[in-house]
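1. got a predicted structure plus its sequence, pasted below:
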Amino acid sequence: MVWIKHTGCRYHTQDTGYYCSAACSMMVLAEIGVPYSQLDQDDLYNDIHAHNAASSGWYGDPYGIRYVLNNRRPAGTYGYIASLPTTEEEGSRKIVHTLHKYGVSPIALVFGCAHWIVIPGCITDVEPVSGANYAINGFWIHNSVAEDNEPHDATDPCGSGGVNGTGNEYVTYNTWQDDYFTGCNYNNPDGLKQYITVVDPEPPKIGLPRHVPREMLADGRRIIERNQAIEFSMKGIEKHLAKDERVNEILRKNNPGKPLLVKRLDRLNKYYYLVPHQNSEGVRAYSEVDARYGEFMGVSLLERNIERKAMPRVLPTRFITRRLMRQTNGRIELKAQKRALKLFPEAVSVSPTMVWTPCQESYSPAMPFYLYMVGTTPIYVRIDGKIFTELTTVFTTGLKGD
């Protein structure tokens, strides 16, 4: 019988582009009973950074997070350790064990060495008790975005969608393995990747998760049609989330709309569809489907309906360009170059797809960018309308554990 666990941990944004360790610590500490009055992200970050391992060079490393959780946890609650196994299966098993045995949310490092997230829930095909031959269906994640919502409390706008992030995001185990929990060599002398979490201190008494063959519904030789993306999305939701009442309650009141095709900038030949689930009041959820193989990747639930404006590639190019001109008044400041770029409609081209890569401007694939080109200068307009002239990725910053 399917086992579903969600701790109820509340999502929060990170107040700067490099405060994800502080945001994750805030979420977990609030979950275990620390009042928000004691959870200022500036203070949390300073404590984390001061207690990083010597010379780690990280904003927040696993030992700094471990220190803050243990130093601030209420009396009578369990402690935390930094877990650094060298296989993904061991790292994921430890996440499942912490959720099952202690009912608290682990913290995990994802996108290589780039970003800390909270794991408030998981779904397995059977309850993961000692001796069970279980498989992981997927994880619920809290993937913080950079938006200063200080002072945080139980009623702040965090997780409500758009710039405030999404507090209910489910990723399948295959997506978790492929795109999120990809490993990072933190301090292994043999050069091996480590799958890093901050979790409870008890060695897990459950076995490694059982391997389940992938379910690919297309051959990958072409981009699937939009109607197929909707069909495969609904099949995936039925397979993974049919027993999850939170998902069913939302999707019963919303219908799938026209999918958006997104290209991964960091993966060659990788595309996915975002399928909006909406009603007359706007979009209430997005599901994700691999655009070549039809594999269901996950779903993001929004706290409320978000207005969805007409999207690029649905409108003629001239209308898309006019929208950008109105939004910028024909001028965009290039801060890094200390210059200004003038926009002329005749010189602007538009990508036929949206684009996304893990970056400080968007760590969620549910918040991709429209890509405009002015000569060789890219302009990224995030799905919520915010404009960027560059994306800050781990490949350009060289900094780990943002």
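-> Cool, the structure landed. Numbering: from 1, shown residues only.
2. from here on, just use CA atoms for contacts and neighbour counts.
-> Will do.
3. test my guess that residue 100 contacts residue 128.
-> Yes: with contact defined as Cα atoms under 8 Å, residue 100 reaches residue 128; the gap is 7.3 Å.
4. more neighbours: which of these two?
-> residue 128 (25 against 21; other Cα atoms under 10 Å).
5. element containing the closest residue to the more buried one other than its chain neighbours, please.
-> Among residues not flanking residue 128 along the chain, residue 134 sits closest, at 5.9 Å (Cα to Cα, 6 or more residues apart in numbering). Using DSSP states H and E, residue 134 falls within no helix or strand.
6. separation between residue 134 and residue 2?
-> 10 Å (Cα to Cα, to the nearest Å).
7. also residue 17?
-> 37 Å.
8. and the next element down the chain from the helix or strand harbouring residue 24?
-> Assigned by DSSP H and E, residue 24 falls within helix 20-31. Using DSSP H and E, the helix or strand that follows helix 20-31 in sequence is helix 41-50.
9. residues touching residue 93, list them.
-> 204, 206-209 (Cα atoms under 8 Å, 6 or more residues apart in numbering).
10. circling back: so what sits against both of residue 134 and residue 2?
-> 124-127.
11. which ones among these lie within strands?
-> Using DSSP state E, the subset of the shared contacts of residue 134 and residue 2 located in strands is residue 124.
12. show me the shaky parts of the stretch 301-402 of the chain.
-> Scanning the stretch 301-402 of the chain for pLDDT under 70 picks out the ranges 308-322, 336, 394-402.
13. hey, where'd the strands end up in it?
-> Remark: strands assigned in the stretch 301-402 of the chain by DSSP state E, counting those that start in this stretch are 331-334, 339-342, 348-356, 369-374, 377-382, 387-388.
14. which among these is found nearest to residue 218?
-> Of all those, strand 348-356 sits nearest to residue 218, with 19.9 Å by Cα to Cα.
15. could you say what helices and strands that closest one packs with?
-> strand 260-264, helix 317-328, strand 369-374 (3 or more Cα pairs under 8 Å, 6 or more residues apart in numbering; DSSP states H and E).
16. could I get stretch 137-152 in CSV with only the CA atoms?
-> Extracted C-alpha coordinates of stretch 137-152, given in CSV (Å, rounded to 0.1, in the frame of the first residue of the first chain):
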residue,chain,number,x,y,z
ASN,A,137,7.9,7.3,-6.0
GLY,A,138,9.0,10.8,-5.4
PHE,A,139,9.7,13.7,-2.9
TRP,A,140,7.9,16.8,-1.9
ILE,A,141,10.4,19.7,-1.9
HIS,A,142,10.7,23.3,-0.6
ASN,A,143,13.0,24.9,-3.1
SER,A,144,13.5,28.5,-1.9
VAL,A,145,13.6,31.4,-4.3
ALA,A,146,15.3,34.7,-3.7
GLU,A,147,12.7,37.2,-2.4
ASP,A,148,13.1,39.4,0.7
ASN,A,149,10.0,38.7,2.8
GLU,A,150,11.5,39.7,6.1
PRO,A,151,10.2,39.7,8.7
HIS,A,152,9.1,36.1,8.2
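17. what's the neighbour count on the nearest residue to residue 50 once chain neighbours are set aside?
-> Leaving aside its chain neighbours, residue 50 sits nearest to residue 64 (7.2 Å; criterion: Cα to Cα, 6+ apart). Counted with other Cα under 10 Å, the neighbours of residue 64 add up to 24.
18. do the same with residue 356
-> 28.
19. and it, what does it touch?
-> 262-265, 362, 365, 367-369.
20. so what's it bridging to?
-> On the basis of DSSP bridges, residue 356 is bridged to residue 264.
21. any idea how far it lies from residue 367?
-> Relative to residue 367, and taking Cα to Cα, residue 356 is found at 8 Å.
22. same question, residue 233
-> From residue 233 to residue 367 the distance is 18 Å (Cα to Cα).
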